[in-house]
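Chemist: Let me see the structure of the following:
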Amino acid sequence: MKKIGIVTFHQALNYGAKLQAYALQQFLEKNGIENDVIDYTCHFMYTRNIRPIRVGKHHKLKSFIRSLITMRQVGIDRKKSVTFRNEFLNLSRPFDAKNIGEASNEYAAFIAGSDQVWSPICVGFDTVYLLDFAKPKQKYSYAASFAVDKLPADKEHTYKELLSQFQLFSVREKSGADIIENLINRKAEISIDPSLLLTEDDWDKISRCPVPKEPYIFLFSVRKPIKLISYALELSKKTGYKIYYLQKERLHKIDGIEYLDPVNATEFVGLIKNAEYICTNSFHGTAFSVIYKKNFAVELQHIGGRNIRAEELLNNLGINDREITNDVFPNINGAVNWERVDNVLLKERNKSKEYINKIKELIQNESSEVTV
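Modeler: The predicted model follows:
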């Protein structure tokens, strides 16, 4: 049987994107599916998020000035991202919009996901992530996200046409399953993020720590914090532990915090594994804190919205007392029922394994029919 191709945001300059791609690839391999991450370069993603000088569609001058401030950090991040991809991901040959159609003859099937691959906005509505280049019998998804509760009216027809061709659906949120059911009257599995498919032992295989092995607080934000930094500073004052802050947009520095340059994704895992405490507003910061059973606190509310993904994860795991708010600084040393957490994750992993085995069976049957 030919390999399976994973179509996802493996080139994105954030740790979660790279680590979820790695995790899904490993999980498929564990379940007997040989695969490559399709090395597709999305022009929109590259120009808006990856190249050092970036100019947004709106507020062009502001985004240009911001990109100048963060240019050094983005440059470091790009190099480390390439290093991680080359060392840890099994990649296809390079593809872009001009030659992606050739992939349909080189792979048995494709899995779109995880991440916000079906968002109508975040990649400029690039329909490659809806597998427009593939044959209908080659189309599957895992934990794909629309990142919206409702599709834009002007794009509904395209979504309906392309999603109708999929063989099986797995999405990340209930809202995504509702969109599919309302749009094409099909059911979708709701699956956990690939990072949670792997265990602590699995992640230990690639974990590396770039800081001294002494008690420290790991501070990690992907959105502009509200009370997160204040919480970390107060925790540092109480414990005497140093704060290591991983955040690219250093528009101003705060006394009492040691800032880290962008790290390799393996070092991101190591920073969480070896931390005494984690303070974050990131989904993957939360997810890896759970995987490593760490003492952590999460700021779910951010300027512009709320981290629904992290909130849903914590609710599903029964961890409801770790949110930093304007009025509440949680007890980061509070007890967690880790046995319950492990049981929930085991159940979700088994559910994902059953779904992946359905894909494998369909592909093998299709391959047998073609051979005959």
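Chemist: So for Asp96, what pLDDT did the model give?
Modeler: pLDDT for Asp96: 96.
Chemist: I misspoke; the intended subject was Val123.
Modeler: 86.
Chemist: Please state the backbone phi and psi of it?
Modeler: Note on Val123: backbone dihedrals following degrees, to the nearest 10 are phi -120, psi 30.
Chemist: Tell me if I'm right that it and Thr47 touch.
Modeler: No - applying CB atoms under 8 Å as the test, Val123 and Thr47 come out as separate, 10.9 Å apart. Placement of C-beta: from N, CA and C, glycine included.
Chemist: Give me the more crowded residue out of these two.
Modeler: The neighbour count for Val123 versus Thr47, taken as other CB atoms under 10 Å, is higher for Val123 (22 against 14).
Chemist: contacting residues for the more buried one?
Modeler: With contact taken as CB atoms under 8 Å, 6 or more residues apart in numbering, Val123 is in contact with Phe9, Cys42, Phe44, Met45, Val117, Tyr129.
Chemist: Not counting sequence-adjacent ones, nearest residue to the last one?
Modeler: Excluding the flanking residues, the one nearest Tyr129 by CB to CB, 6 or more residues apart in numbering is Val117, at 4.0 Å.
Chemist: Wait, a strand at that neighbour?
Modeler: No - the assignment for Val117, made by DSSP: H, G, I helix; E, B strand; the rest coil, is coil rather than a strand.
Chemist: Tell me who's in contact with it.
Modeler: By CB under 8 Å, 6+ apart, the residues touching Val117 are Val7, Thr8, Phe9, Val123, Tyr129, Leu130, Ala144, Ser145.
Chemist: Of those - the most surrounded one?
Modeler: Among the contacts of Val117, Ala144 has the most neighbours (other CB under 10 Å), with 31 neighbours.
Chemist: I'd like the distance between Lys294 and Ile359.
Modeler: 33 Å (CB to CB, to the nearest Å).
Chemist: my bad, Ala335
Modeler: 39 Å.
Chemist: Let's verify Ala310: helix, strand, or coil?
Modeler: Here Ala310 is recorded as helix under three-state DSSP.
Chemist: about what we covered before: among Ala335 and Ile359, which residue is more densely surrounded?
Modeler: The neighbour count for Ala335 versus Ile359, taken as other CB under 10 Å, is higher for Ile359 (21 against 7).
Chemist: can you give me the strands in the chain?
Modeler: For the chain, the strands defined by DSSP state E occupy 4-7, 35-40, 91-95, 109-112, 139-141, 170-171, 189-190, 216-220, 242-246, 258-260, 277-280, 295-298, 301-302, 305-306.
Chemist: I'd like a version of those strands in CSV, one that adds distance to His157 as further columns.
Modeler: Below are those laid out as CSV (distance: least, CB to CB, whole Å):
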stretch, distance to His157
strand 4-7, 22
strand 35-40, 24
strand 91-95, 26
strand 109-112, 19
strand 139-141, 18
strand 170-171, 20
strand 189-190, 25
strand 216-220, 40
strand 242-246, 42
strand 258-260, 46
strand 277-280, 39
strand 295-298, 39
strand 301-302, 33
strand 305-306, 28
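Chemist: right, so of those, which gets closest to Gly270?
Modeler: Proximity to Gly270 (CB to CB) singles out strand 216-220 among the strands of the chain, at 10.0 Å.
Chemist: quick one: contacts of that closest one?
Modeler: 228-229, 232, 235-236, 239, 241-247, 257, 271-272, 274-280, 282, 285.
Chemist: just stretch 124-138 next, same as before
Modeler: Residues outside stretch 124-138 that contact it (CB under 8 Å, 6+ apart): 7, 40, 42-45, 48, 97, 100-101, 103-104, 107-110, 112, 117-119, 123, 139, 155, 158-159, 162-163, 165-167, 366.
Chemist: what separates that stretch from the chain centre, distance-wise?
Modeler: Chain-centre distance of stretch 124-138: 20 Å, with CA atoms, centre = their mean, to the nearest Å.
Chemist: now do stretch 195-208
Modeler: On CA atoms, centre = their mean, the centre of stretch 195-208 falls 15 Å from that of its chain.
Chemist: Only alpha carbons, please: show it as PDB.
Modeler: What follows is stretch 195-208, C-alpha atoms only, in PDB (Å, rounded to 0.1, in the frame of the first residue of the first chain):
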ATOM      1  CA  SER A 195      -0.300  16.100  21.100                       C
ATOM      2  CA  LEU A 196      -2.500  14.300  23.600                       C
ATOM      3  CA  LEU A 197      -2.400  11.000  21.600                       C
ATOM      4  CA  LEU A 198       1.200  10.500  22.800                       C
ATOM      5  CA  THR A 199       2.200   9.700  26.400                       C
ATOM      6  CA  GLU A 200       4.800  11.300  28.600                       C
ATOM      7  CA  ASP A 201       7.200   8.500  27.700                       C
ATOM      8  CA  ASP A 202       6.600   9.200  24.000                       C
ATOM      9  CA  TRP A 203       7.400  12.800  24.400                       C
ATOM     10  CA  ASP A 204      10.500  12.100  26.600                       C
ATOM     11  CA  LYS A 205      12.100  10.600  23.500                       C
ATOM     12  CA  ILE A 206      12.500  14.100  21.900                       C
ATOM     13  CA  SER A 207      12.500  16.300  25.000                       C
ATOM     14  CA  ARG A 208      15.500  18.600  25.500                       C
END
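Chemist: average model confidence for that stretch?
Modeler: Stretch 195-208 comes out with an average pLDDT of 98.
Chemist: The residue nearest to Tyr129 and Leu362, how far apart?
Modeler: Val117 sits 20 Å away from Leu362, going by CB to CB.
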